[in-house]
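Trainee: task: produce atomic coordinates for the following.
(2 chains)
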Amino acid sequence: MLSNDEILKNIENGNIVIKPFNKENLKPNSYSVHMTDEIIVYKNKTLDSRKVNEYETLTIPKEGFTLMPGEVYLARTVEYTETRSFVPLLHGRLSLATLGICIHITAGFGDNGFCGTWTLEITCARPVRIYKNMKIGQICYIPIIGNQSIYYNGKYQNQINTKTSMMHKDFE
Amino acid sequence: MLSGDEILKLVEEKKIKIKPFIKENINPNSYNFTLSDEIFTYENYYLDSKKQNNLVKQVIPEEGFVLQQNEVYIAYTNEFFKSGQYLFEVDGRSSIGRLGIYVHLDTGLIERNFKGRLKLTIKASVPIRIYKNMEIGQISIYKSI
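Mentor: Predicted coordinates for the structure are as follows:
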């Protein structure tokens, strides 16, 4: 896993892009990311992995937004990233986990070549209030072994706004 | 973590085994696996970690199966794997996470010399219908140092 100095070096040589970038967000082995004011909830009580699931987009007001247990929320990072030759890994923060908040459910790693903001899949153990622009997680980078002729070109490439699941495309 | 090219090389050199192996399921740094048609739930509501807890098997029909919240389901991949001298890490696909589905709870680590279908511990954040043979997750592969 890369150290802060290595992350910085790879930002300078263009393998890693983080926008906006602020040196103060560098930690010994990761970079801290923040959430925007956008939060998405699915409309139906029961979802269907084969169908397009309707959703609504909410804006987190200044006074915050209360997450409820038994619900899944989608949100995104303020930061846009591009990664080549490394695998980026998104982790939640211990401070949030201590409050019972998970910020990702699966696929905590990104693919080589992924460009976009990171979708957060948020669940909580108890009702808890969250705020826009709060530090929500951190990205670490690990090296890739072997030739790299396959780069990410999937359903979520270049995503900026939060995208809901496109699982239904697998069944089309 | 190994690149997709390296995963293909290991399969071709028979250093790891994935059966059936479909080249299209290779990602930049992982391989997608599919859900079999069997899903298991516990017979009793209260489990006891000191006892054997009986499982009840259900077969996922064509029209799918609705996972309920606050329940843990055990399932297996269609694919048979041999990890050889490598380590696997099981993870869901991004499209699955965005629907609130966990395909493994806690560590997804598969150690060296593993042989078999992968066991998935599935949990749904909200009720959701799933289907057999769907590409539900992926394994990433690590070198053991």
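Trainee: dump the top strand by length along chain B to PDB, restricted to CA.
Mentor: Among the elements of type strand in chain B, defined by DSSP state E, the one spanning the most residues is strand B:30-42. C-alpha atoms of strand B:30-42 as PDB (Å, rounded to 0.1, in the frame of the first residue of the first chain):
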ATOM      1  CA  SER B  30     -10.900  -9.000 -10.700                       C
ATOM      2  CA  TYR B  31     -13.100 -11.800 -12.100                       C
ATOM      3  CA  ASN B  32     -16.900 -11.900 -11.900                       C
ATOM      4  CA  PHE B  33     -18.700 -14.900 -10.500                       C
ATOM      5  CA  THR B  34     -22.300 -15.900 -10.600                       C
ATOM      6  CA  LEU B  35     -24.900 -17.000  -8.000                       C
ATOM      7  CA  SER B  36     -26.100 -20.600  -8.100                       C
ATOM      8  CA  ASP B  37     -29.800 -21.500  -7.700                       C
ATOM      9  CA  GLU B  38     -29.500 -22.600  -4.100                       C
ATOM     10  CA  ILE B  39     -30.100 -20.400  -1.200                       C
ATOM     11  CA  PHE B  40     -30.100 -21.400   2.500                       C
ATOM     12  CA  THR B  41     -31.600 -19.800   5.600                       C
ATOM     13  CA  TYR B  42     -31.500 -20.900   9.200                       C
END
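Trainee: which residues in chain B form strands?
Mentor: B:17-19, B:26-27, B:30-42, B:55-59, B:65-67, B:73-82, B:86-92, B:101-102, B:109-110, B:115-124, B:128-130, B:135-143.
Trainee: and the gap between the residue positioned nearest the centre of chain B and chain A?
Mentor: Nearest to the mean C-alpha position of chain B, by CA atoms, centre = their mean, lies B:L120 at 4.5 Å. Spatial separation of B:L120 from chain A under the definition CB to the nearest CB, to the nearest Å is 11 Å. Backbone N, C-alpha and C define where each C-beta goes, glycine included.
Trainee: next, the buried residues of the lowest-mean-pLDDT helix or strand in chain A.
Mentor: Among the helices and strands of chain A, helix A:94-97 carries the lowest confidence by mean pLDDT, DSSP states H and E, at a mean of 91. When burial is assessed from 16 or more other CB atoms under 10 Å in any protein chain shown, helix A:94-97 yields the following buried residues: A:L96.
Trainee: okay, now the sheet partners of the next helix or strand after it, with direction.
Mentor: Scanning the chain past helix A:94-97 towards its C-terminal end, the next helix or strand to appear is strand A:101-102 (assignment: DSSP states H and E). Strand A:101-102 has its sheet partners listed here by DSSP bridges as strand A:115-124 (antiparallel).
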